[in-house]
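Undergrad: Structure, please.
(chains A, B, C and D)
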Protein chains: 2
Amino acid sequence: MADLADLAGVSKITVSRALADSPLVNIRTRTRVQELAREHGYKLNVSARNLRLRRSHTIAVIVEMKPSSDRTMWDPYPLTLLGGISQELTSAGYSVLLTTRQGSSAAAVQAADGVILLGQGVRQDAVRLYDKLGLPMVVWGAKSVGDSHVVVGSDNRHGGISVAERFVSIGRRHPVFIGNPDHPEIAERLHGFVDELARHNVKPLLMRRDEFTLSSGVDAVHSLSRRKARFDSIFACSDLLAMGAIRALVELGHQVPSDVSVVGYDDSPLGASFLPPLSSVRQNWQEGGMLLARKVLALVEGQPAESEMLPTTLVVRAT
Amino acid sequence: MADLADLAGVSKITVSRALADSPLVNIRTRTRVQELAREHGYKLNVSARNLRLRRSHTIAVIVEMKPSSDRTMWDPYPLTLLGGISQELTSAGYSVLLTTRQGSSAAAVQAADGVILLGQGVRQDAVRLYDKLGLPMVVWGAKSVGDSHVVVGSDNRHGGISVAERFVSIGRRHPVFIGNPDHPEIAERLHGFVDELARHNVKPLLMRRDEFTLSSGVDAVHSLSRRKARFDSIFACSDLLAMGAIRALVELGHQVPSDVSVVGYDDSPLGASFLPPLSSVRQNWQEGGMLLARKVLALVEGQPAESEMLPTTLVVRAT
DNA sequence: GCAAACAATGATATCGATAACTTGATATCG
DNA sequence: CGATATCAAGTTATCGATATCATTGTTTGC
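TA: Numbering: from 1, shown residues only, chains lettered A, B, ... in the order given. Reported below is the predicted structural model:
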């Protein structure tokens, strides 16, 4: 920057101001400096700027990304959220520091101005871990009472309710829930589902399955059939589970949806083009990501931010 | 750090050295300082360190992430690569700056020590754009002659060859290729496929399809059938395309694999649990990500790095 | 017993930008 | 016409760490 200053015949500070497009600098000097900078391929040193401003203009996004067959690997979920986040942050001049929850890369995270946590972890453990950093933090997931941090998520409870309403309205009396209620989000879905059914004196069967995979869905239905359970509808906590369930039902000679109704969750493109096209609860991830980003930015700039739940809608297709 | 120095009764520089575990500092002072730092929750200022060291310990990873129905959104592809990259980088003390190719977030990228580019762009445009930054760069994709930068990818040509060999060996004479050869990687697959078939005097039919979606696969087969093309085998450039193709074939009354053999690409978990289980060309993304990371790091540290292609294997299942 | 080697620590300058304050020149007003 | 605003640019200090060179005491070797 000093070199540029010499070239332009002004002082460093004027260059700094000119490049920041500050009105403190005469418009002619300003453009002259900017052009010189472009010609000579001048690149601002971001570290120096960060040091002086005590801001890194960076938000750490922490993703649970296990190299397993768990959902995070190949559901649209994380990427779509990330897309929304990244879109909103870059347009605000921030960048995304991607961190996976494995080694303690805390050193890097603490340089960020704020934290977005995708997935609370099975028992809020992730939340507690990163809360210690003392940075503005926004979490994607379910809101539980007494949370100190801001939570953005979709209205899982309402998702569960809407499926229950649907099942009741088409006369189903023996519903099954497939999923892992250790995840706070899933627990919410289950509660909504159970509560709404209870209003109609229906009690669902809980098939606990930890994985969100297709084969896990297949397995759940086989297990139901083995123990001769009576059921006429299935609410699965992901589209993959639902697709697995349908496959198993078909194999066992059941008709979908005449014998058994099935509803999935996430409304993934894959589910929509499944045969038969899957009914599913839709949540808007893109929007969710953008909201997450806006909330952290608000916190970073010292403004208040409230937790918020995005609406969910039941998309009824052929199952 | 100055405060810590006062607390410990030493100078700043000794604290700095102690925290870096430098042998220049007496082992007792060193541990004393480290303990004080822990007690008082001291956090190193990363920006200051970066400024002084002229290193950000950050690698920019640039992903093409369009909010469309394009493959990148819900194939396992980017996330698995990212997983490998992130794993390798964090364990080397680097962090990942995630950038999507949309707004020119060049300001942030230029702070990185190196760049990993996922996807060359349809006509190498992305490569050229980021080459200008003058940073060490490694690209995931296909190697074309005269590339100045390091390319890591899987051996797409061999992938194509292995499918051709398979088709020939089971007596197929009328193969179809479905995909978009504008992507350099896809072009390689096509060339390998065509060349190997040519050695047996077989000429495949090219069904150009730009999208990598399931419905695109359905559509390709419908189109083949409409124009009454004669074919007995299909090589689709992604598992989704292959699954779409199979669905269309079944709808049209063809038997898979007795009438028509189908092979996909990527060996995704989804394909493996498809009905019938999909034959597919496997490439190891996790490994690819790690390799990308290792190569940039080598470049960043001034060591040479060569382009490298990972092996692919044809996994024959039921199609 | 004294020079040389070594170990432990410190003083200072530096990385590259920007905030806060200051200076000088010109414009505006009663 | 002098006092004050306004504008444009410059001076200096600062963000928090670390490299370089300097200093002090201690040990070793002949």
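
Undergrad: Now for whichever residue of the stretch 151-300 of chain A sits closest to DNA strand D: which residues touch it?
TA: Per CB to the nearest atom of the strand, residue A:300 is where the stretch 151-300 of chain A lies closest to DNA strand D, at 17.0 Å. C-betas here are computed from N, CA, C, even on glycine. Applying CB atoms under 8 Å, 6 or more residues apart in numbering or on different chains to residue A:300 gives the contacts A:59, A:113-114, A:136.

Undergrad: Just the strands from the stretch 201-319 of chain A, written as ranges.
TA: A:205-208, A:233-236, A:261-265, A:279-283, A:308-310, A:312-315 (DSSP state E, counting those that start in this stretch).

Undergrad: List the buried residues for the shortest one?
TA: It refers to strand A:308-310. A:308-309 (16 or more other CB atoms under 10 Å in any protein chain shown).

Undergrad: Spell out, range by range, the helices that occur in the stretch 201-319 of chain A.
TA: Secondary structure of the stretch 201-319 of chain A (DSSP state H, counting those that start in this stretch): helices at A:214-226, A:239-251, A:269-272, A:285-300.

Undergrad: Helices of the stretch 51-200 of chain A, residue ranges please.
TA: A:71-74, A:77-91, A:106-109, A:125-131, A:156-169, A:184-198.

Undergrad: These: which one's closest to residue A:238?
TA: Of all the helices of the stretch 51-200 of chain A, helix A:71-74 sits nearest to residue A:238, with 6.2 Å by CB to CB.

Undergrad: What's the mean pLDDT across the closest one?
TA: For helix A:71-74, mean pLDDT is 42.

Undergrad: So the nearest residue to residue A:143 once chain neighbours are set aside versus chain B, what's the distance?
TA: Counting by CB to CB, 6 or more residues apart in numbering or on different chains, residue A:143 lies nearest to residue A:151, which is 4.4 Å off, once chain neighbours are set aside. Distance of residue A:151 to chain B, given as CB to the nearest CB, to the nearest Å: 23 Å.

Undergrad: Residue A:151 bridge partners, please.
TA: Bridge pairing for residue A:151 (DSSP bridges) gives the partners residue A:139.

Undergrad: Columns distance to chain B on top of the strands of the stretch 201-319 of chain A, output as a markdown table?
TA: A markdown table is the format used below for these (distance: least, CB to the nearest CB, whole Å):
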| stretch | distance to chain B |
| --- | --- |
| strand A:205-208 | 19 |
| strand A:233-236 | 15 |
| strand A:261-265 | 14 |
| strand A:279-283 | 14 |
| strand A:308-310 | 17 |
| strand A:312-315 | 16 |
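
Undergrad: Nearest approach to residue B:172 belongs to which of these?
TA: Per CB to CB, nearest to residue B:172 of the strands of the stretch 201-319 of chain A: strand A:261-265, 36.7 Å.

Undergrad: which residues of the stretch 51-200 of chain A score low on pLDDT?
TA: Applying pLDDT under 70 to the stretch 51-200 of chain A flags the ranges A:65-78, A:102-106, A:120-124, A:145.

Undergrad: residue contacts, the residue nearest to residue A:46 when sequence neighbours are not counted?
TA: Nearest non-adjacent residue to residue A:46, counting by CB to CB, 6+ apart: residue B:111, 3.6 Å away. Contacts for residue B:111 (CB under 8 Å, 6+ apart) come out as A:46-47, B:56, B:58, B:97.

Undergrad: how about 7 Å then?
TA: Applying CB atoms under 7 Å, 6 or more residues apart in numbering or on different chains to residue B:111 gives the contacts A:46-47, B:56, B:58.

Undergrad: and the residues you listed, which of them are in strands?
TA: Of the contacts of residue B:111, the ones assigned to strands by DSSP state E are residue B:58.

Undergrad: The residue nearest to residue A:143: neighbouring residues, count only.
TA: Residues lying near residue A:151 (other CB atoms under 10 Å in any protein chain shown) number 23.

Undergrad: now do residue A:225
TA: Neighbours of residue A:225 under the rule other CB under 10 Å: 16.

Undergrad: Tell me the pLDDT of it.
TA: Confidence at residue A:225, expressed as pLDDT, is 93.

Undergrad: doesn't residue A:252 make contact with it?
TA: Yes: the criterion here is CB atoms under 7 Å, and residue A:225 meets it with residue A:252 at 5.5 Å.

Undergrad: Distance check, the residue of the stretch 51-200 of chain A found nearest DNA strand D against residue B:47.
TA: Minimum separation of the stretch 51-200 of chain A from DNA strand D (CB to the nearest atom of the strand) falls at residue A:52, amounting to 3.6 Å. Residue A:52 sits at a distance of 9 Å from residue B:47 (criterion: CB to CB, to the nearest Å).

Undergrad: Comparing the two, which shows the higher neighbour count?
TA: residue B:47 (22 against 12).

Undergrad: dump the residue contacts of the more buried one.
TA: By CB under 7 Å, 6+ apart, the contact list for residue B:47 reads A:47, A:50-51, A:56, A:111.

Undergrad: what's the domain layout of chain A?
TA: Listed by automatic domain parsing, the domain ranges of chain A are A:2-44, A:58-153+A:285-310, A:156-283.

Undergrad: mind checking which of those is nearest residue B:175?
TA: Short answer: domain A:156-283, nearest of these by CB to CB, at 25.0 Å.

Undergrad: What's the end-to-end length of that closest one?
TA: End-to-end distance for domain A:156-283, by CA to CA, to the nearest Å: 9 Å.

Undergrad: Am I right that residue A:41 sits in a helix?
TA: No: assignment of residue A:41 by DSSP: H, G, I helix; E, B strand; the rest coil gives coil, placing it outside any helix.

Undergrad: confidence score at it?
TA: Looking at residue A:41, its pLDDT reads 89.

Undergrad: Distance of it relative to DNA strand C?
TA: Separation of residue A:41 from DNA strand C (CB to the nearest atom of the strand, to the nearest Å) stands at 12 Å.

Undergrad: And for residue A:99?
TA: Here the criterion is CB to the nearest atom of the strand. By it, residue A:99 lies 26 Å from DNA strand C.

Undergrad: Touching, that residue and residue A:62? I think so.
TA: Yes: between residue A:99 and residue A:62 there is a contact under CB under 7 Å: 4.8 Å.

Undergrad: Give me the common contacts of those two.
TA: Common neighbours of residue A:99 and residue A:62 (CB under 7 Å, 6+ apart) do not exist.

Undergrad: List the contacts of residue A:186.
TA: Contact partners of residue A:186, counting by CB under 7 Å, 6+ apart, are A:179-180, A:237.

Undergrad: Would you format those as CSV with neighbour count and distance to residue B:270 included?
TA: Below are the contacts of residue A:186 laid out as CSV (neighbours: other CB atoms under 10 Å in any protein chain shown; distance: CB to CB, whole Å):
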residue, neighbour count, distance to residue B:270
A:179, 26, 19
A:180, 20, 20
A:237, 28, 18
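
Undergrad: Now render these as JSON lines, adding distance to residue A:15.
TA: Listed next are the contacts of residue A:186 as JSON lines, based on distance: CB to CB, whole Å:
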{"residue": "A:179", "distance to residue A:15": "59"}
{"residue": "A:180", "distance to residue A:15": "57"}
{"residue": "A:237", "distance to residue A:15": "57"}
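
Undergrad: thinking again about what came up before, in the contacts of residue A:300, find the pair that's most separated.
TA: Applying CB to CB across the contacts of residue A:300, the maximum distance is between A:59 and A:136, 9.0 Å.

Undergrad: if you count what's nearby, which of those two comes out ahead?
TA: residue A:59 (27 against 22).

Undergrad: Not counting residues beside it along the chain, what's closest to the more buried one?
TA: Residue A:59 sits nearest to residue A:114 (CB to CB, 6+ apart), 4.9 Å away.

Undergrad: That neighbour reaches residue A:295, doesn't it?
TA: No: if you go by CB under 7 Å, residue A:114 and residue A:295 don't touch, sitting 9.2 Å apart.

Undergrad: Indicate the residue of the stretch 151-300 of chain A located nearest to DNA strand C.
TA: Closest point on the stretch 151-300 of chain A to DNA strand C, by CB to the nearest atom of the strand, is residue A:300, at 15.9 Å.
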